[in-house]
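>>> The following block contains a protein sequence and its predicted model.
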Amino acid sequence: MTLFNRAKAKLAQDTREGARTIVNSGPKHYCRTWFKLGSNCDSVDNNICESFNKWIIDARFYPVITLLEAIRCKVMVRIQQQRYAAEKWSGLVCPNIQKKLKYYIKQSGYCHAVSNGRDAYEVRHFDHRFLVSLVDRTCSCRYWQLSGLPCPHAISCIFFQNKLP
């Protein structure tokens, strides 16, 4: 909750209206504690709708059948472009996820894991503490459960066991 209050105070400095909106809306819209598990997506914004609308901006002014045909053609081209990009991958993990993992590995250097003697850990990350279970693949920050990627706290525990994430 401390992280939330800090973020809210920073938002209030930048935009008072944004802070007011957060206070008036429920935490299920912006707090990891309330997010549903299982989607394995760490993106919690509306950019996909905005990107899609921009992507089809030229086709939006056509009649419905022509609009759908234009979208169908754009999707086919996009799928083929992604297929070509995927064929160039050298590892098991896509480049964007690999980039995130490298960043989290770097952040795990600021974490200090303490084992409870079994498969659970308490991790200190600056002024905060998180509970990590490697067996259950959970962290009290909930990022691991929500995204499917180990958070810096979990990575520090994995390194504690001399394993690779």
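Right, received. Where do you want to start?
>>> CA atoms of the top helix by length along the chain as PDB?
Taking DSSP state H as the assignment, the helix of the chain that covers the most residues is helix 64-87. Backbone C-alpha positions of helix 64-87 (Å, rounded to 0.1, in the frame of the first residue of the first chain) are rendered in PDB as follows:
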ATOM      1  CA  VAL A  64     -18.800  -2.000 -43.700                       C
ATOM      2  CA  ILE A  65     -17.900  -4.800 -46.200                       C
ATOM      3  CA  THR A  66     -15.000  -2.800 -47.700                       C
ATOM      4  CA  LEU A  67     -13.900  -1.900 -44.100                       C
ATOM      5  CA  LEU A  68     -13.800  -5.600 -43.100                       C
ATOM      6  CA  GLU A  69     -12.000  -6.600 -46.300                       C
ATOM      7  CA  ALA A  70      -9.400  -4.000 -45.700                       C
ATOM      8  CA  ILE A  71      -8.900  -5.100 -42.100                       C
ATOM      9  CA  ARG A  72      -8.700  -8.800 -43.300                       C
ATOM     10  CA  CYS A  73      -5.900  -7.900 -45.800                       C
ATOM     11  CA  LYS A  74      -4.000  -5.900 -43.100                       C
ATOM     12  CA  VAL A  75      -4.300  -8.800 -40.700                       C
ATOM     13  CA  MET A  76      -3.000 -11.300 -43.300                       C
ATOM     14  CA  VAL A  77       0.000  -9.100 -44.000                       C
ATOM     15  CA  ARG A  78       0.700  -8.600 -40.300                       C
ATOM     16  CA  ILE A  79       0.600 -12.400 -39.600                       C
ATOM     17  CA  GLN A  80       3.000 -13.000 -42.400                       C
ATOM     18  CA  GLN A  81       5.400 -10.300 -41.200                       C
ATOM     19  CA  GLN A  82       5.300 -11.800 -37.700                       C
ATOM     20  CA  ARG A  83       5.900 -15.200 -39.100                       C
ATOM     21  CA  TYR A  84       9.100 -14.000 -40.900                       C
ATOM     22  CA  ALA A  85      10.200 -12.200 -37.700                       C
ATOM     23  CA  ALA A  86       9.700 -15.400 -35.600                       C
ATOM     24  CA  GLU A  87      11.700 -17.500 -38.100                       C
END
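>>> The next helix or strand after that helix to helix 64-87, inter-axis angle?
As assigned by DSSP states H and E, the chain's next helix or strand after helix 64-87 is helix 95-108. Interaxial angle, helix 95-108 versus helix 64-87 (axes from the mean of the first three to the mean of the last three Cα atoms, to 10 degrees): 60 degrees.
>>> and the helix or strand where residue 18 lies, what does it pack onto?
Element membership for residue 18 (DSSP H and E) is helix 16-24. Applying 3 or more Cβ pairs under 8 Å, 6 or more residues apart in numbering; DSSP states H and E, one finds that helix 16-24 makes contact with helix 2-14. Heads up, the C-betas are built off the backbone N, CA and C, glycines and all.
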